[in-house]
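>>> Quick check, what structure comes out for this input:
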Amino acid sequence: MALHGPSFDGDWYTQITDAARHTTWLNAPTEAWTTYGVLVFGVLLAAAWWGARTTGGRSLTAALCAPVTTAAALALSAAIKLVVAEPRPCRAFPHAFLVEPCPGAGDYSFPSNHATLAGAVAVGVLLVSWRLGVLAGIAALAMGASRVYVGAHYPHDVLAGLALGAIVAWAGYVLLRRLLSPLIPVLIRTRLSPLLARRRTALRAPDPRGHPVRKP
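Residues are numbered from 1 along each chain as shown. Below is the predicted model of the structure:
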């Protein structure tokens, strides 16, 4: 069931890769971002979880759901790739300018795994914190754009990946929150407590000099 990418937005792809040919100053930073930017999304997930330890409640539930829904989105993306079997655009347009090497013939294009991960993390983090979510959303758009710029994907691959990741992250949260919410108070009373709740210091009675003493 191969998808014929050039009939959708092949012209956009060639225009973007041709622009990359003439903006060589941007090629190295974009290649670095498209390769190592996935680590930023891991940091965003960790930051969302760390902050949710303080706020608790719905934010903590969303923070625990986010890695699970991201993994589910990536698994679904990989399955869709095998079913759709869209060849990479660098094979349909062999003379296009490529910033990174063309993947192997069995490495399909639709949807973009990078964009799927980015979309899932952006929505997952947004459910925890709107500030971090805005940052994650900007990073997701930058990741999607970079995948076309380096020549790895058509624009529709990226848009589909972002949408897939976002939908799976939202739907997964809706499905999992009822399961996780009752478990969190139970887990907080176990040795997992440091992972789920920030330890708060409490005040004892003042010392003889009148200064409050914090409990350890």
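>>> For T54, the count of nearby residues, please.
As a burial measure, T54 scores 11 neighbours (other Cβ atoms under 10 Å). From N, CA and C alone the C-beta is placed, and that goes for glycine too.
>>> Just say helix, strand or coil for it.
For T54, the secondary-structure state derived from DSSP: H, G, I helix; E, B strand; the rest coil is helix.
>>> And P94, by the same measure?
When the structure is split into helix, strand and coil by three-state DSSP, P94 lands in coil.
>>> Let me know the pLDDT of it.
Reading off the confidence values, P94 has pLDDT 85.
>>> how close does it get to P103?
From P94 across to P103, the span is 14 Å (Cβ to Cβ, to the nearest Å).
>>> So for those two, which residue has more residues nearby?
In this comparison of P94 against P103, neighbours counted by other Cβ under 10 Å, the higher total goes to P103 at 14 against 9.
>>> packing partners for the longest helix seen in the chain?
Of all the segments assigned as helix in the chain under DSSP state H, the longest by residue count is helix 57-84. Helices and strands touching helix 57-84, as assessed by 3 or more Cβ pairs under 8 Å, 6 or more residues apart in numbering; DSSP states H and E, comprise helix 38-55, helix 113-126, helix 155-180, helix 183-188.
>>> Which of those sits closest to A66?
In this view, the helices and strands packed on helix 57-84 are compared for proximity to A66 by Cβ to Cβ, and helix 113-126 is the closest at 3.1 Å.
>>> Next, the buried residues of the closest one.
For helix 113-126, the neighbour count (16 or more other Cβ atoms under 10 Å) marks 113-126 as buried.
>>> okay, the angle between it and helix 155-180?
Put simply, helix 113-126 runs at 40 degrees to helix 155-180, going by axes from the mean of the first three to the mean of the last three Cα atoms, to 10 degrees.
>>> May I have whichever helix or strand comes after helix 113-126 exported as CSV, CA atoms only?
Note on helix 113-126: by DSSP states H and E, the next helix or strand toward the C-terminus is helix 130-149. What follows is helix 130-149 as a C-alpha-only set of coordinates in CSV (Å, rounded to 0.1, in the frame of the first residue of the first chain):
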residue,chain,number,x,y,z
TRP,A,130,1.4,25.4,29.9
ARG,A,131,4.7,27.2,30.1
LEU,A,132,6.8,24.1,29.4
GLY,A,133,4.1,23.1,26.8
VAL,A,134,4.6,26.3,24.8
LEU,A,135,8.4,25.7,24.8
ALA,A,136,7.8,22.0,23.8
GLY,A,137,5.4,23.1,21.0
ILE,A,138,8.0,25.5,19.5
ALA,A,139,10.6,22.7,19.7
ALA,A,140,8.2,20.3,18.0
LEU,A,141,7.6,22.7,15.1
ALA,A,142,11.3,23.2,14.8
MET,A,143,11.9,19.5,14.7
GLY,A,144,9.3,18.9,12.1
ALA,A,145,10.7,21.7,9.9
SER,A,146,14.2,20.3,10.2
ARG,A,147,13.2,16.9,9.0
VAL,A,148,12.1,18.4,5.6
TYR,A,149,15.0,20.9,5.5
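>>> No more questions from me, cheers.
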